[in-house]
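Engineer: Need a 3D model of the following:
(one chain, ligands or ions: 1)
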Amino acid sequence: YQLRKHATWSRTSLNALNSSIDETNYQPSNNGQGPYAASEGRALNGARVAIKDNIVTAKESRLPSTASSAILFQHASPFEATVVSILRQHGAVIDGKTNLDEFGMGSHSQKSHFGPVKNLYLRNGQPLSAGGSSGGSAVAVASGHYDLALGTDTGGSVRLPAAYTGVVGFKPSYGLLSRWGVIQYANSLDTVGILANTVKNVTKIFGILNQFDTRDPTSLSQNTRSRLGRNDERISSLRIGVPTEYNIDEMSPIVRDCYRDTLKRLQSAGHTIVPVSLPSVQQALSAYYILAPAEASSNLAKFDGIRYGTRSSGSDSSPKESLPLYARTRGDGFGEEVKRRILLGAYTLSSEAVDNYFIQAQKVRRIVQRDFDKVFDQQNPLHDTDTTDNDKQGVDVLLTPTAPTEPPTLREVHQQTPVQSYMNDVFTVPASLAGLPAISVPINVTKALQNTDALTEGANVGMQIIGQFGSDHTVLDAAQLLA
Ligand code: GLN
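Structural biologist: Modelled structure (predicted):
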């Protein structure tokens, strides 16, 4: 088995993949009787789940755990991620790992050591981006080969591929799903996310995975979880916020029409549309691209060929080698984008730059969180109570497009500079910086367009619903309205 085999997700390679894995050879170490034993029967009996390959599966499963990186090419994990164990113990069949941008760094799933992910869709014969970095997971679901898939979402990596491939992608509130066994990219932002064809299935998996894990120090405690319950009341008539700052020039006419149509439909269904302002989101993307690489540069320091990772050949004392072994190992083991982020992160954390970049970006992050708190009706259960504005009437959720455009062609993607490619995440990163729950739901584009002549092939569009921290069920309920 090689990840490369199903990097393209062609039907034949998937069948080969499936038949090559003998399920009976894998037994969960506690036979399903551990702390996550199914309490409601085997709720996922037989459901086929694909797992993004930066979430580890134990070596007994004979599945790899590479984060799509050369440096982890031969990595076999001695343990299994909590989220994977929980799914298995509920009867899920886990027989596939999916391709991603190396360590989750990218928006189009083109930057993998195992080759690019291909979307199912073409435009004028040109292949389209599947979004990233969980593009492999999104295509696994969109192609119908898997019932659902796990991805990770640091700045939009579940939501963007969901939007580009026409499936549902949910990033829960930070700290609800265990990150134990998730190969870190930027741990203050990393979350496990769920991809499926329906909001109902996403909700079901979320219900199963949403539990405290003692092994993840950022997993929210039972105590905090019980406080979140109060934020999660079911609301029948929603106040839906439309942030004016999301109305950017770069939004394509198709996305604009879909946005307008969705708002119209919600309004006729009796929900109230409220314009709101989130001034700081304009700085969110820049702050994200300082903070995420800074954390990555620190997290990825352990991949040095000594503690983790495939070591390059030769030794420090070998006269042929101009570079020390450590430098060669990291030079050979990381791709170009990962190296860019490590360098960027090392720079912004350096004494010369930290005040101007890292500290400023942390401040922006705080302001983004406050801006969200100001517009939501619900209090943020993690922040101090704001007593100054008790009778404000805020919104229950926010509605925005998931991405400013429909999926670009790969040719367009390859012409983009790194900064242009970071622009794809402009609508997803604000919720990540604030740790908020957010979901992308596919829109029926043909129905939404005023002028169907404008319709182009493969024009998948997702709408994003964002909620207050801990209001995950409100977000899922609102998403159901769009389905
Ligand atoms: N595209 C973003 C990045 O490269 C988001 C990635 C993610 O969410 N893992 O950082």
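Engineer: How many residues are close by residue 334?
Structural biologist: Neighbour count for residue 334, taken as other C-beta atoms under 10 Å: 23. C-beta here means a position set from N, CA and C on the backbone, and glycine is covered the same way.
Engineer: what residues does the protein put near the ligand?
Structural biologist: Counting by C-beta under 6 Å from any ligand atom, the chain comes close to the ligand at 104-107, 133, 152-157, 185, 292, 425.
Engineer: Inside strands: which ones of those?
Structural biologist: Per DSSP state E, strands hold the following members of the residues of the chain next to the ligand: 152, 153.
Engineer: Helices - which of the residues of the chain next to the ligand land there?
Structural biologist: Using DSSP state H to define helices, the subset of those located there is residue 292.
Engineer: Buried ones only from the residues of the chain next to the ligand, please, as a ChimeraX command.
Structural biologist: To isolate the buried members of the residues of the chain next to the ligand in ChimeraX, using 16 or more other C-beta atoms under 10 Å:
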select :104,105,106,107,133,152,153,154,155,156,157,185,292,425
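Engineer: For residue 55, state which of the residues of the chain next to the ligand is nearest.
Structural biologist: Closest approach to residue 55 among the residues of the chain next to the ligand (C-beta to C-beta): residue 152, at 6.8 Å.
Engineer: Pretty sure the closest one sits against residue 136.
Structural biologist: No - under the criterion of C-beta atoms under 8 Å, residue 152 makes no contact with residue 136, lying 11.7 Å away.
Engineer: anything in contact with each of the two?
Structural biologist: Taking C-beta atoms under 8 Å, 6 or more residues apart in numbering as the contact criterion, the common neighbours of residue 152 and residue 136 are residue 52.
Engineer: Low-confidence stretches in the stretch 351-483 of the chain?
Structural biologist: Across the stretch 351-483 of the chain, the ranges flagged by pLDDT under 70 are 384-391.
Engineer: what does the stretch 151-300 of the chain give?
Structural biologist: 229-234.
Engineer: What segments of it are strands?
Structural biologist: 168-171, 191-196, 239-243, 272-276 (DSSP state E, counting those that start in this stretch).
Engineer: Return the most buried member of those.
Structural biologist: strand 168-171 (a mean of 32; mean count of other C-beta atoms under 10 Å).
Engineer: Note down every partner strand of it and its orientation.
Structural biologist: strand 191-196 (antiparallel), strand 438-442 (antiparallel) (DSSP bridges).
Engineer: now the last one, how far from the chain's geometric center?
Structural biologist: In terms of C-alpha atoms, centre = their mean, to the nearest Å, the centre of strand 438-442 is set 11 Å apart from its chain centre.
Engineer: Could you do the longest one as well?
Structural biologist: Relative to its parent chain, strand 191-196 has a centroid offset of 6 Å by C-alpha atoms, centre = their mean.
Engineer: Roughly how far does residue 315 sit from residue 134?
Structural biologist: In this view, residue 315 and residue 134 are 38 Å apart by C-beta to C-beta, to the nearest Å.
Engineer: Compare neighbour counts for these two and give me the winner.
Structural biologist: residue 134 (36 against 10).
Engineer: Next one: the more buried one from residue 162, what distance?
Structural biologist: 8 Å.
Engineer: if I look at these two, which residues touch both of them?
Structural biologist: Common neighbours of residue 134 and residue 162 (C-beta under 8 Å, 6+ apart) are 169, 195.
Engineer: ok, the residue most central in space within the chain - contacts?
Structural biologist: Geometric centre of the chain, nearest residue: residue 153, 2.0 Å, by C-alpha atoms, centre = their mean. Residues near residue 153 by C-beta under 8 Å, 6+ apart: 134, 159, 169, 171, 190, 191, 192, 193, 428, 432.
Engineer: State the number of residues packed around residue 122.
Structural biologist: The number of residues packed near residue 122 is 13, by other C-beta under 10 Å.
Engineer: Break this protein down into its domains, please.
Structural biologist: Segmentation of the chain into domains, based on automatic domain parsing, reads 3-227, 235-277+370-482, 289-355.
Engineer: ranking these by burial, who's on top?
Structural biologist: Of those, domain 3-227 is the most buried (mean count of other C-beta under 10 Å), at a mean of 22.
Engineer: so how far is it off the chain centroid?
Structural biologist: So, by C-alpha atoms, centre = their mean, the centroid of domain 3-227 is 10 Å from its chain's centroid.
Engineer: for stretch 303-323, same thing?
Structural biologist: That offset, for stretch 303-323, works out to 33 Å (C-alpha atoms, centre = their mean).
Engineer: ok, so of the contacts of residue 153, who is nearest residue 345?
Structural biologist: Nearest member of the contacts of residue 153 to residue 345, counting by C-beta to C-beta, is residue 190, at 14.8 Å.
Engineer: doesn't residue 155 make contact with the closest one?
Structural biologist: No - contact criterion C-beta under 8 Å: residue 190 and residue 155 do not qualify, at 9.6 Å.
Engineer: Need phi/psi at the residue nearest to residue 315 when sequence neighbours are not counted.
Structural biologist: Distance criterion C-beta to C-beta, 6 or more residues apart in numbering; nearest residue to residue 315, sequence neighbours excluded, is residue 325 at 6.0 Å. For residue 325, the backbone dihedrals are phi -60, psi -40 (criterion: degrees, to the nearest 10).
Engineer: quick one: contacts for residue 325?
Structural biologist: Counting by C-beta under 8 Å, 6+ apart, residue 325 touches 305, 311, 312, 314, 315, 316.
Engineer: Going by distance to the ligand, which of the residues you listed wins?
Structural biologist: residue 305 (24.3 Å; C-beta to the nearest ligand atom).
Engineer: three-state assignment of that closest one?
Structural biologist: coil (DSSP: H, G, I helix; E, B strand; the rest coil).
Engineer: Over in this protein, which residue gets nearest the ligand? Let me know.
Structural biologist: Counting by C-beta to the nearest ligand atom, the chain gets nearest to the ligand through residue 157 (2.9 Å).
Engineer: so that residue touches residue 193, yeah?
Structural biologist: Yes - counting by C-beta under 8 Å, residue 157 touches residue 193, with 7.5 Å between them.
Engineer: what's the overlap in contacts for those two?
Structural biologist: Counting by C-beta under 8 Å, 6+ apart, the contacts common to residue 157 and residue 193 are 134, 151.
Engineer: do you know how far residue 432 is from residue 348?
Structural biologist: 18 Å.
Engineer: now residue 289, nearest residue through space, not along the chain?
Structural biologist: residue 422 (5.7 Å).
Engineer: Sticking with that neighbour, tell me its helix or strand.
Structural biologist: helix 418-422 (DSSP states H and E).
Engineer: packing partners for the helix or strand following that helix?
Structural biologist: Using DSSP H and E, the helix or strand that follows helix 418-422 in sequence is helix 429-434. Counting contacts by 3 or more C-beta pairs under 8 Å, 6 or more residues apart in numbering; DSSP states H and E, helix 429-434 is packed against helix 281-299, helix 360-375, strand 462-467.
Engineer: Residue 84: which of these is closest?
Structural biologist: helix 281-299 (20.3 Å).
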